[in-house]
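> Predicted model follows, preceded by the sequence.
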Number of protein chains: 2
Amino acid sequence: MTDTHPAIRVSEIFGPTIQGEGVLIGLPTVFVRTGGCDYRCSWCDSLHAVDRQFRHEWEMMSSDAVWQNVVALSGGRPLMVSLSGGNPAIQPLGALIKRGHDQGYRFALETQGSVVREWFAELDVLVVSPKPPSSEMRTDWATIEACFQAAQDKPQIVLKLVIFDETDYSFAKEAAARFPRLPVYLQPGNHTPPHPGNEHAPVDVDGIMKRMEWLVDSVTRDRWFEARVLPQLHVMLWGNKRGV
Amino acid sequence: MTDTHPAIRVSEIFGPTIQGEGVLIGLPTVFVRTGGCDYRCSWCDSLHAVDRQFRHEWEMMSSDAVWQNVVALSGGRPLMVSLSGGNPAIQPLGALIKRGHDQGYRFALETQGSVVREWFAELDVLVVSPKPPSSEMRTDWATIEACFQAAQDKPQIVLKLVIFDETDYSFAKEAAARFPRLPVYLQPGNHTPPHPGNEHAPVDVDGIMKRMEWLVDSVTRDRWFEARVLPQLHVMLWGNKRGV
């Protein structure tokens, strides 16, 4: 069968395992992690899918080939496919989503909201994660707004904010105030992100949990009762190990 | 003001803190924990609200008095109120729910599904948690079915299953098969539950997380892709401490 769709740059495909964070936390998922990113967050926890020095690990794959991998990992039984990165929005994922939908699979995409795609409207879940000041990136709110416009209210849309400090917390409040209709998920950042090539590098789970407690204290003190506060379960379970 | 409604037997009212488990995980919540239970699970993690030897800690309170406590804790700002126990279904909670709804509050109830109440239809979220074989309790499926009938599809209804071993896991599958339309949440049991009166008794978080990993392996191996697997966040954060 000929696949005329443009190729997808893939860093890794793995699973099923549970989604470790955000609105789908706990749900069995196959992850398609694409390679490449238009951002370079100071605390990036997926450098192996972002930094071009790891591009030798990335592979250009047809939608067909990616799809066959997802089917093999899930035994052909429909489940939630999580499209992550890097920034998966810079890859041509529309054909993959269409193909999976035909077989009853669902698709969630997580992006910082810096690149708009028409196929956002085909997603089941769109997680937009504006990067806070600690990332050293700049958020373009107009582009994030355009992402929501592209989605046309078709997928479930949520905001996810990674938070390291008070400044990030204020940023999260600003983001929530800009989009009052959207559910908000707050997540304590991992200040001990993986070193690519050394997945056994230590993770300071105690430190992350202290940040989690502080976040819980902050939202309850401020009576921000609509926000959900969730840690990264996979980090608590498996540290920085890849492929789980 | 006269309150003609029957009194509620209360073990504790605390919060706001985040909901630690299940469908509302991470959401800021005030907990109203009622006293008394028609079950006596072998591994009960809330004995202080179940065992009658602690009834001197319980208080008969009017709906008004409970409501004033919730308002004070939440600063009058609407949030999710979690009705737990013990078995909160044996208490007269309809008037409290009505009063809170008038002010924009929402109510989630968690019960084993052994007692049916008309006011289940007034809830926003009904979590039914049939107790697995390891609890040494017997589940009456007809009564659980009657709970769902009473709810009349008005609240969001979910199943939550606590799991300690393979037998419990099979029970969870049976429960899910009986109610195929309901979302299912699986939760590794805490084999080191609190000793009432000693909230500093050690918790084997590593052991709970091992059970969590085994559960993740089980659902992915069996391709049970609809189930969500979530640990008790509050135990990971605060051990067996009460009031958080």
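Right, received. Where do you want to start? Residues are numbered from 1 along each chain as shown, chains lettered A, B, ... in the order given.
> From chain B, how far out is A:R228?
Distance of A:R228 to chain B, given as CB to the nearest CB, to the nearest Å: 4 Å. Quick note: C-beta positions are derived from backbone N, CA and C, even for glycine.
> Secondary structure of A:F31: a strand, I assume?
Yes - the assignment for A:F31 (DSSP: H, G, I helix; E, B strand; the rest coil) places it in a strand.
> Show me which residues of stretch A:200-219 are buried.
Of the residues in stretch A:200-219, A:V203, A:V205, A:I208, A:M209, A:R211, A:M212, A:L215, A:V216, A:S218, A:V219 count as buried by neighbour count, 16 or more other CB atoms under 10 Å in any protein chain shown.
> Count the neighbours of the closest residue to A:P132 other than its chain neighbours for me.
Counting by CB to CB, 6 or more residues apart in numbering or on different chains, A:P132 lies nearest to A:D168, which is 3.7 Å off, once chain neighbours are set aside. Applying other CB atoms under 10 Å in any protein chain shown, we find 21 residues neighbouring A:D168.
> ok, back up a step: mind checking which of the buried residues of stretch A:200-219 land in helices?
A:V205, A:I208, A:M209, A:R211, A:M212, A:L215, A:V216, A:S218, A:V219 (DSSP state H).
> Contacts only, for the closest residue to the last one other than its chain neighbours.
The shortest distance from A:V219 to any residue other than its chain neighbours is 5.1 Å, reached at A:A227 (CB to CB, 6+ apart). Contacts for A:A227 were tallied using CB atoms under 8 Å, 6 or more residues apart in numbering or on different chains; they are A:A172, A:A176, A:V184, A:Y185, A:L186, A:V219, B:P28.
> What residues does chain A have near chain B?
Applying CB under 8 Å from any CB of the partner chain, we find that chain A lies next to chain B at A:15-18, A:25-28, A:74-75, A:77-80, A:185, A:209, A:212-213, A:216, A:219-220, A:223-225, A:227-231, A:233, A:236-237.
> let's see 6 Å
A:16, A:18, A:26-28, A:75, A:77, A:79, A:216, A:219-220, A:223, A:225, A:228-230 (CB under 6 Å from any CB of the partner chain).
> What residues of stretch A:131-146 count as buried?
A:K131, A:P132, A:S134, A:S135, A:M137, A:T139, A:I144.
> got the end-to-end distance for it?
Distance across stretch A:131-146, first residue to last, is 16 Å (CA to CA, to the nearest Å).
> Not counting its own residues, what contacts that stretch?
Stretch A:131-146 is contacted from outside by A:Y39, A:C41, A:S42, A:Q112, A:G113, A:S114, A:V116, A:P130, A:F164, A:T167, A:D168, A:F171, using CB atoms under 6 Å, 6 or more residues apart in numbering or on different chains.
> if I look at the second one, how far off is B:T29?
Shown here: A:C41 relative to B:T29, a distance of 31 Å by CB to CB, to the nearest Å.
> neighbour-wise, which of those two wins?
Ranked by neighbour count (other CB under 10 Å), A:C41 and B:T29 place B:T29 first, with 24 against 20.
> Is there a quick ChimeraX command that grabs whichever of the residues of chain A next to chain B are buried?
For the buried members of the residues of chain A next to chain B, the matching ChimeraX selection, counting by 16+ other CB under 10 Å, is:
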select /A:16,18,26,27,28,79,216,219,220,225,228,229,230
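> Show me the two of the residues of chain A next to chain B that sit farthest apart.
Farthest-apart pair in these is A:G75 and A:R223; separation 46.0 Å (CB to CB).
> What is the burial count for A:W224?
Should you count by other CB under 10 Å, A:W224 turns out to have 20 residues around it.
> ok, and what's touching the helix or strand containing A:F107?
Secondary structure from DSSP states H and E places A:F107 in strand A:106-111. Under the criterion CB under 6 Å, 6+ apart, residues A:24, A:80-84, A:87-89, A:97, A:123-127 lie in contact with strand A:106-111.
> Can you tell me which of those residues is nearest B:E59?
Set against B:E59, the nearest of these by CB to CB is A:L24 (40.0 Å).
> Can you get me a residue count around the closest one?
By other CB under 10 Å, 22 other residues sit near A:L24.
> where along chain A do the helices fall?
Along chain A, counting by DSSP H, helices occupy A:63-74, A:94-102, A:141-151, A:166-178, A:205-221, A:233-238.
> between these, which one is nearest to A:R52?
Closest of these to A:R52 is helix A:63-74, at 20.9 Å (criterion: CB to CB).
> correct me, but A:T192 touches A:D204?
Yes - with contact defined as CB atoms under 6 Å, A:T192 reaches A:D204; the gap is 4.6 Å.
> do you know how far the closest residue to A:G94 other than its chain neighbours is from B:M60?
Nearest non-adjacent residue to A:G94, counting by CB to CB, 6+ apart: A:W119, 3.5 Å away. As defined by CB to CB, A:W119 lies at a distance of 59 Å from B:M60.
> And these two? Which one has more around it.
Neighbour count, other CB under 10 Å: between A:W119 and B:M60, A:W119 has more, with 18 against 11.
> what sits up against the lowest-mean-pLDDT helix or strand in chain A?
The helix or strand of chain A with the poorest confidence is helix A:233-238; it has a mean of 92 (mean pLDDT, DSSP states H and E). Residues outside helix A:233-238 that contact it (CB under 6 Å, 6+ apart): A:G20, A:N190, A:V205, A:V244.
> which residues does the residue nearest the centre of chain A bridge with?
Closest residue to the average C-alpha location of chain A: A:E110 at 3.4 Å, with CA atoms, centre = their mean. Note on A:E110: beta-bridge partners by DSSP bridges are A:V127.
> Test my guess that A:W67 contacts A:H101.
No - look at A:W67 against A:H101 with CB under 6 Å: they stay out of range, at 11.1 Å.
> When these two are compared, which one has more neighbours?
Neighbour tally, A:W67 and A:H101, criterion other CB under 10 Å: the higher count belongs to A:W67, 21 against 15.
> measure the more buried one to B:A146 for me?
To B:A146, A:W67 is 45 Å away according to CB to CB.
> again, but for A:E226
From A:E226 across to B:A146, the span is 33 Å (CB to CB).
> Leaving out chain neighbours, which residue sits closest to A:P193?
Skipping the residues right next to it in sequence, A:P193 comes nearest to A:D45 by CB to CB, 6+ apart, at 4.0 Å.
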